[in-house]
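**Q** Need a 3D model of the sequence below.
(chains A and B)
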Protein chains: 2
Amino acid sequence: MSHRRAADSQPSEALKTTKVTGPLGIIAGRGSLPVMIANAARADNVPVHIVGIQGEADSEIERFPHTWIKWGEVGKVFSALDKSGCKDLVIIGGVTRPHIKNVRIDFGAVKALPFLLSLRKGGDDRILSRIVRFFEQNGYRVHGAGDVLPELLVPEGTLTRLSPSADDKADMALAFKVVRALGQFDIGQAAVIASGYVLALEAAEGTDAMLERCAEIKRRGRSHGTGPGVLVKAPKPGQEERVDMPTIGPETMLKAAEAGLSGVAVAAQRVLIADYNRTLEIANERKLFIYGAPQEETDA
Amino acid sequence: MSHRRAADSQPSEALKTTKVTGPLGIIAGRGSLPVMIANAARADNVPVHIVGIQGEADSEIERFPHTWIKWGEVGKVFSALDKSGCKDLVIIGGVTRPHIKNVRIDFGAVKALPFLLSLRKGGDDRILSRIVRFFEQNGYRVHGAGDVLPELLVPEGTLTRLSPSADDKADMALAFKVVRALGQFDIGQAAVIASGYVLALEAAEGTDAMLERCAEIKRRGRSHGTGPGVLVKAPKPGQEERVDMPTIGPETMLKAAEAGLSGVAVAAQRVLIADYNRTLEIANERKLFIYGAPQEETDA
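**A** Numbering: from 1, shown residues only, chains lettered A, B, ... in the order given. Alright, predicted model coming up:
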């Protein structure tokens, strides 16, 4: 193991307060990352306020000062952040494009209507960039999760007991090329390649659904003659990394194992790992490798 | 409608015998195309012999002189073609990469072992190119289905009552770019784009499975705010078009309709249409367009 943190130790949850100068606002989507960041802030005596998106954020956020909002309640977001004095923001956790019937337009949203309408078109990255710009124009500082809590970033090298084989490395190299080529179209951040054969590419369905498809393709025998295969995740070139970093976690490992993959490779320092210890534990149990590829390998 | 054949007329099934100088061997995978070509040959007094791959080819091939083979029975293919005097070949219809346990190695296969082993790695196109080369090295002439029966090729222009809208045209243009970018990695031939948002990319799962995924993505509301979307199919650059032309047919239209798409655009003259009349009938019933894009639009 060549990374900076042993798999069985707790990550040191020190918040990089050099960047965060006051109370931290966390706009929370799905998953455990919002609460991990809130815990780190609390450990560092930085006050937090979590704005949870209904239907997305975990109820765990209620352990912290919080406000629940519906999609479209722009005014409520601003007032919650203002009341708690948050000028520093982290926007974190997956969200699903809301159905129009679940969008509630409050007064703040009416004022922000040109912005909201601009979100209706384009790929994820353009939308997220517009959201970041919108908050910045309203006087907030938007930080990446990895900026405030670097322990969330996948470090360089092999994290698991198993390392990628030479065949895995060849598949990884091809997959990083494919993901980079797709990035110019603001698409996906993931591909599965086995023995040079591209089993699956991620677009709107998400990584878990793509891995389920790989398992199905293998069951149907459509990948005959190929090796086990590798999942690769990397940010798109020019991706708004502050709010849309690709993420791996325990579920990724379970699905990768079900798809019979040999491991998961990601762009080191540019992909988040949710629940580091549990993710590594599952990877080791299921005999998967996790590899943080240095830039010379992802951009080759 | 700007194409050369009215939707409600039967296609003229004249075989382009200028290219085929003797009996025609048809190596048949899935679908109706092998029998359509055999019918055309028969109508043109060209003798045929169909070599059907077990588990793939339709039992309809038994209406013609035929031989069933298992994967790997290379010797049996050659002897069937030799006995029927076929030096001209069409290899047509989808196949699934066989599971190793379904591969039967006969004496011809043993002699062809280096060739067979070369098939274990790489994307579809490299494999199909090797198969074509293998037959050519053994003295056969391999023709594309569109070479012997040009009526199978999607003509230029709108084939249906409905035409693509300006939004559809913008999505089509982006999708042709995406498919071309993927082509360099020997991947897929299809993408679904809605309002500039890439819903799905095809890799090993096939077009029908990709369209089912789009329907699911829409049900889950992950495509909110986008228009209906367009399916685009085009050959990969450098694709072995003689044996691996992208194909659309009735099933494509049914699945496209279930995914709520507005239509299907393909590279004109470079994509096959299986069962032209039925495909158009379904497209018109379901209010889909079918559009054959000229080269200046696919390569823009």
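**Q** Going by C-alpha atoms from here, please, whenever you check contacts or count neighbours.
**A** OK.
**Q** so where's the stretch 1-150 of chain A uncertain?
**A** Low-confidence segments of the stretch 1-150 of chain A, defined by pLDDT under 70, span residues A:1-18, A:95-105, A:113, A:116-127.
**Q** quick one: the most centrally placed residue in chain A from chain B, how far?
**A** For chain A, residue A:247 is the residue whose C-alpha lies nearest the centre (CA atoms, centre = their mean; 3.2 Å). As judged by CA to the nearest CA, to the nearest Å, residue A:247 and chain B stand 18 Å apart.
**Q** Identify the residues contacting that residue.
**A** A:271, A:272, A:273, A:274 (CA atoms under 8 Å, 6 or more residues apart in numbering or on different chains).
**Q** quick one, strands of the stretch 1-150 of chain A?
**A** A:24-28, A:48-53, A:66-69, A:88-92, A:141-143 (DSSP state E, counting those that start in this stretch).
**Q** let me redo that: the stretch 151-300 of chain A
**A** A:157-158, A:190-194, A:197-201, A:230-233, A:247-248, A:263-267, A:272-273, A:289-293.
**Q** Identify the residue spatially nearest to residue A:204, adjacent ones excluded.
**A** Sequence neighbours aside, residue B:199 is the residue nearest to residue A:204 in space, at 4.8 Å (criterion: CA to CA, 6 or more residues apart in numbering or on different chains).
**Q** if we can go back for a sec, could you list everything the residue nearest to the centre of chain A pairs with in the sheet?
**A** residue A:272 (DSSP bridges).
**Q** Give me the lowest-pLDDT entry from the contacts of residue A:247.
**A** Lowest pLDDT within the contacts of residue A:247 is found at residue A:274 (87).
**Q** How many neighbouring residues does that one have?
**A** 24 (other CA atoms under 10 Å in any protein chain shown).
**Q** What's the separation between it and chain B?
**A** 22 Å.
**Q** again with residue A:46
**A** 35 Å.
**Q** Residue A:200 now?
**A** 5 Å.
**Q** For that residue, give me its contacts.
**A** A:191, A:192, A:193, A:210, A:213, A:214, B:202, B:203, B:204, B:205.
**Q** again, only using 7 Å
**A** The contact partners of residue A:200, by CA atoms under 7 Å, 6 or more residues apart in numbering or on different chains, come to A:191, A:192, A:210, A:214, B:203, B:204.
**Q** what do you get for residue A:29?
**A** A:52, A:53, A:56, A:57, A:92, A:93, A:94, A:95.
**Q** Run through the helices of the stretch 51-200 of chain A in chain order.
**A** Assignment of helices within the stretch 51-200 of chain A using DSSP state H, counting those that start in this stretch yields the ranges A:74-83, A:107-111, A:113-118, A:124-137, A:145-148, A:166-183.
**Q** Any chance of CSV for those, columns distance to residue B:261?
**A** Shown next, in CSV, are those (distance: least, CA to CA, whole Å):
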stretch, distance to residue B:261
helix A:74-83, 32
helix A:107-111, 30
helix A:113-118, 22
helix A:124-137, 20
helix A:145-148, 37
helix A:166-183, 22
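**Q** Thought residue B:175 was touching the residue nearest to residue A:204, still the case?
**A** No. In this structure, residue B:199 is not within contact of residue B:175 by CA atoms under 7 Å, at 10.5 Å.
**Q** So which of the strands of the stretch 1-150 of chain A is nearest chain B?
**A** Chain B lies closest, by CA to the nearest CA, to one member of the strands of the stretch 1-150 of chain A: strand A:48-53, at 15.7 Å.
**Q** could you give the angle of that closest one to strand A:88-92?
**A** 40 degrees (axes from the mean of the first three to the mean of the last three CA atoms, to 10 degrees).
**Q** Give the partner strands of strand A:48-53 in its sheet and their orientations.
**A** strand A:24-28 (parallel), strand A:66-69 (parallel).
**Q** Output those strands in TSV, with distance to residue A:149 and mean neighbour count appended to each entry.
**A** Shown next, in TSV, are these (distance: least, CA to CA, whole Å; neighbours: other CA atoms under 10 Å in any protein chain shown):
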stretch	distance to residue A:149	mean neighbour count
strand A:24-28	12	27
strand A:66-69	20	20
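**Q** Quick one: closest of these to residue A:139.
**A** Residue A:139 lies closest, by CA to CA, to one member of those: strand A:24-28, at 13.0 Å.
**Q** Touching that closest one from outside, list them.
**A** Outside strand A:24-28, the residues touching it (CA under 7 Å, 6+ apart) are A:34, A:46-53, A:57, A:81, A:86, A:88-93.
**Q** same thing but 8 Å
**A** Contacts of strand A:24-28 (CA under 8 Å, 6+ apart): A:34, A:38, A:41, A:46-53, A:56-57, A:81, A:86-93.
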